[in-house]
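Participant: coords below, sequence missing:
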DNA sequence: CATGTTTACGAGTGTCGTAAGAATA
DNA sequence: TATTCTTACGACACTCGTAAACATG
C-alpha cells in the first residue's frame, strides 16, 4: 500500500542503523541504504546524520518519520475498514499506561466499555511513564494514559485533568479519623512508596523536601497493587491518586485521606493519541469515553 | 511518494472511466486497468462497478478514495514542510465559496488575515453551493465556506452558525423606517432576487410560500453584488445575510432590516475542511480565524 | 580492525505500452 | 458497430542480494 522506501526508512529510524533494520526486515542493507538515499534525493535534504555508530534522524527526517508512522496507521485502518465491511466496531484497542493506572482504573474502564461494545479487545502495555508518550507517538499503541512528565513529546492530548494525591490506609489506622493530613502527620507512621521512576513518587519526594519532612519508609515497590495490599493489611500508609484506587475505597477496604493545600501534590493525567492521526471509530469512541470518565472523576 | 496505483485509482474515480484517466495521466489504459485489478485483489473486494459507460465507485471504493485523497494531500504537505524548511507560514490557501460570500465577506477575511500573515496567497473558487462541499471532500480546496444544503456530504465542519436573512434597501426607502418587516410588507415594493440555485433564494421562496405572499420581482441575477448595487440605487429591495453586506451597512450605503419571527429564515453557514485531514499550519490558522470571526458575527 | 554505510553488478520481479480479445448497448 | 474494459506479450525499468570498497573511532 505504501512504498517500501518508507518502511525501510521508518525501521532505520526506529533501530538507528541500516544493518539493524536489515536483519529485522530480512532485506539487504544495500537495498535499504539505496532507498534512503533515494528519499534524500527526492526531498533534496539529508534525512539522517551518519554517526560512527549508526544513523540518527535530522529534523527533516523527524518530520518525515512522523508523517510515515501516521500514514501506515491510516492505511492499515482504511484497509481493515474496507475488508471488514463492518464499520469496525469490533477490533483491538492498544493502550499504553503506567503500572499505577493499569490496575483498578484500566480494569474498570475496559469493563464498562465492553458493556457497550462486547466485541472489543484490549491490548494493554504497562510501561515506564516516560515511554508512554513515545509509544503513542510511534504508533505502537493507539491511546496513552499517563501522568504528564517534564519532557514535552508532540502527541495530541484528548483530555488533561488535574489529579490530587491522597494517603491510603487501613480503615482502623489512627489517621483515618482525620479529615485532612499534612506530610508532617505521616512522619510518625510507616509508609510504603512506589519506585523513584514513578510520577507519584516524584510529587511525594518534592513535597517532603519542601516541608523538610523525613518519612519512615518501610517498603518500596514497583508494583503499586502490592503497596495497596500492604496498606490494607495495616502495614503502612501508601499513596495514590483517587482514580487509581476507587473501587478499593468504595468497597471499604481502604480509606483515602486528602492533604491540606494540595496543589503542589497535583499531577496532570492525560489521555494521549497520535498527533494528527485519524483514529479508527472504535478507538475514537474509547478515547471519548475515557475523557468523559476522568472528566467526571475530577469532581471526586 | 505514494504508489502509482492510488494515483490511477483516484483519477478513474474522478473521471469515471479508464480511458478518460488514461488520457489525462498519459498512461496506457491497460496499465491503469491492471493496477486497479491489483487493488481489488489486495482488498478482496471490487472497488468499481463496471457500467456500460464507465466505472463508478462501490462503497468500498468510496472509502479508499476518501483515504487516498487525504493521503495525497498529507504527503504533499509534509513534502512542502520538509523541503521548505520554514514551518509553512507562507503559502496558498485554497477556498471554495458561493457567490454571495465571495464579495464582501471573503474580501474582508482575506484582508484581515493578510495583516497577520503578509505572505499568504488566496485561491478563491466561486462555485455553485452544492459543489462547495464536494470540492472540499475531493481536496481541490482546503476550506469551504458555504451555507448548508440538504445533501449531507461527509466533510468536517469547523464551525456552524445560524445566520439570519435581512432585507437590504436604500436608506431613503419607506420601509427603512420600520424596525421589523414581514414578507407581506414587501409585497407593495419591487424586489430583486438571486437565482433559484442559491440558498438565499430558497429560504425566501419557502417563506413566501408559507405566508402566501407573491413578491413583485423586478430583477433576478446570479451576481449578488449587482443586486446590492441595484438596491443601493433604490431600484428594489434585495436580500442577504448580515455578514454578506457588512461593510455596505456600516458605511451607510444601504440599510438592513430584519424580519419578525425570523427562524424560518435562518441558514447555517459552515466552515468546512476535509474530514480527518491534518491541515497545514497556515490553513489551520485561517480556519480558526474564520471560525472566530463568524462566531463573533453571530451576535449581529 | 571492528563496525557500519555505500557502491558495483548480475538476477529477478514488476510495470508499461501496443495490440488483440471480450462485453455491452 | 461503437465504446469501454480486460488479457497477452515483449521491452524496459526498478529493486534486490552478494560482494567488494569506503569511512571512522
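Facilitator: Happy to help now that I have it. Keep in mind the model is a prediction, meaning the values are calculated, not measured. Residues are numbered from 1 along each chain as shown, chains lettered A, B, ... in the order given.
Participant: okay, now the residue nearest to residue A:188 when sequence neighbours are not counted: neighbour count?
Facilitator: Leaving out its chain neighbours, the residue that sits closest to residue A:188 by C-beta to C-beta, 6 or more residues apart in numbering or on different chains is residue A:216, at 7.5 Å. In short, each C-beta sits where N, CA and C put it, glycine included. Other residues within reach of residue A:216, judged by other C-beta atoms under 10 Å in any protein chain shown, total 12.
Participant: before we move on, what about the one 5 residues further on?
Facilitator: Residue A:221 sits with 16 neighbouring residues when counted by other C-beta under 10 Å.
Participant: in the helix or strand that contains residue A:208, what's buried?
Facilitator: Assigned by DSSP states H and E, residue A:208 belongs to helix A:199-211. Burial within helix A:199-211, assessed by neighbour count using 16 or more other C-beta atoms under 10 Å in any protein chain shown, is assigned to A:199, A:200, A:201, A:202, A:203, A:204, A:207, A:208.
Participant: again with stretch A:146-158
Facilitator: Neighbour counts using 16+ other C-beta under 10 Å place A:146, A:147, A:148, A:149, A:155, A:156, A:158 of stretch A:146-158 among the buried residues.
Participant: could those be laid out in CSV, adding distance to DNA strand D, pLDDT and secondary structure?
Facilitator: CSV is the format used below for the buried residues of stretch A:146-158 (distance: C-beta to the nearest atom of the strand, whole Å; pLDDT from 0 to 100; DSSP: H, G, I helix; E, B strand; the rest coil):
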residue, distance to DNA strand D, pLDDT, secondary structure
A:146, 37, 94, strand
A:147, 39, 93, strand
A:148, 37, 88, coil
A:149, 33, 76, coil
A:155, 31, 93, coil
A:156, 32, 92, strand
A:158, 37, 91, strand
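Participant: of those, which is the nearest to residue B:43?
Facilitator: residue A:156 (28.7 Å; C-beta to C-beta).
Participant: what sits opposite the closest one in the beta ladder?
Facilitator: Counting by DSSP bridges, residue A:156 forms beta bridges with residue A:273.
Participant: quick one, what contacts it?
Facilitator: The contact partners of residue A:156, taken as C-beta atoms under 8 Å, 6 or more residues apart in numbering or on different chains, are A:272, A:273, A:274, A:275, A:276, A:277.
Participant: can you pull the contacts of the residue lying closest to the last one once chain neighbours are set aside?
Facilitator: The shortest distance from residue A:277 to any non-neighbouring residue, by C-beta to C-beta, 6+ apart, is to residue A:70 (5.3 Å). Applying C-beta under 8 Å, 6+ apart to residue A:70 gives the contacts A:139, A:274, A:275, A:276, A:277, B:74, B:278.
Participant: residue A:196 reaches residue A:205, doesn't it?
Facilitator: Yes - if you go by C-beta atoms under 8 Å, residue A:196 and residue A:205 touch, sitting 7.3 Å apart.
Participant: may I see the buried residues of the helix or strand of chain A with the lowest mean pLDDT?
Facilitator: Lowest on mean pLDDT, DSSP states H and E among the helices and strands of chain A sits helix A:281-297, with a mean of 85. Of the residues in helix A:281-297, A:282, A:283, A:285, A:286, A:287, A:289, A:290, A:291, A:293, A:294, A:297 count as buried by neighbour count, 16+ other C-beta under 10 Å.
Participant: what packs against it?
Facilitator: Counting contacts by 3 or more C-beta pairs under 8 Å, 6 or more residues apart in numbering or on different chains; DSSP states H and E, helix A:281-297 is packed against strand A:91-97, helix A:104-116, strand A:143-147, strand A:156-163, strand A:267-273.
Participant: so residue A:189 makes contact with residue A:235?
Facilitator: No - Residue A:189 is not in contact with residue A:235 according to C-beta under 8 Å; the separation is 10.5 Å.
Participant: which pLDDT value belongs to residue A:264?
Facilitator: Listed pLDDT for residue A:264 reads 74.
Participant: residues contacting it?
Facilitator: Contacts of residue A:264 (C-beta under 8 Å, 6+ apart): A:203, A:206, A:207, A:210.
Participant: which phi and psi values does it adopt?
Facilitator: Dihedral pair for residue A:264: phi -70, psi -10, per degrees, to the nearest 10.
Participant: what's the answer for residue A:42, then?
Facilitator: According to degrees, to the nearest 10, residue A:42 has phi -60, psi -40.
Participant: excluding covalently adjacent residues, which one is nearest to it?
Facilitator: Among residues not flanking residue A:42 along the chain, residue B:1 sits closest, at 7.5 Å (C-beta to C-beta, 6+ apart).
Participant: count of neighbours near that neighbour?
Facilitator: Neighbour number of residue B:1 under other C-beta under 10 Å is 18.
Participant: on that earlier part again, name the nearest of the contacts of residue A:156 relative to residue B:240.
Facilitator: residue A:276 (37.5 Å).
Participant: which of the three states applies to residue A:172?
Facilitator: In three-state terms, and counting by DSSP: H, G, I helix; E, B strand; the rest coil, residue A:172 is coil.
Participant: that older thread, the residue nearest to residue A:188 contacts residue A:193, doesn't it?
Facilitator: No - the criterion here is C-beta under 8 Å, and residue A:216 misses it with residue A:193 at 10.7 Å.
Participant: ok, back up a step: the least confident helix or strand of chain A to helix A:104-116, inter-axis angle?
Facilitator: Calculated by axes from the mean of the first three to the mean of the last three C-alpha atoms, to 10 degrees, helix A:281-297 forms an angle of 130 degrees with helix A:104-116.
Participant: contacts for helix A:281-297, please.
Facilitator: With C-beta under 8 Å, 6+ apart, helix A:281-297 has contacts from A:87-91, A:93, A:109, A:112-113, A:116-117, A:120, A:142-143, A:145, A:158-159, A:161, A:242-243, A:246, A:269, A:271, A:273, A:279.
Participant: can you report how many residues neighbour the residue in the stretch 1-150 of chain A that DNA strand C sits nearest to?
Facilitator: Relative to DNA strand C, the nearest point of the stretch 1-150 of chain A is residue A:30 (3.0 Å; C-beta to the nearest atom of the strand). Look at residue A:30: counted by other C-beta under 10 Å, it has 10 neighbours.
Participant: the strand or helix carrying it near DNA strand D anywhere?
Facilitator: Using DSSP H and E, residue A:30 falls within helix A:29-43. Yes - interface with DNA strand D: helix A:29-43 contributes A:29, A:30, A:31, A:34, A:35, A:38 (C-beta under 7 Å from any atom of the strand).
Participant: what's stretch A:162-178 in contact with?
Facilitator: A:147, A:181, A:185-186, A:189, A:200, A:203-204, A:228, A:231-234, A:237-243, A:245, A:248, A:252-259, A:262, A:265-269, A:298.
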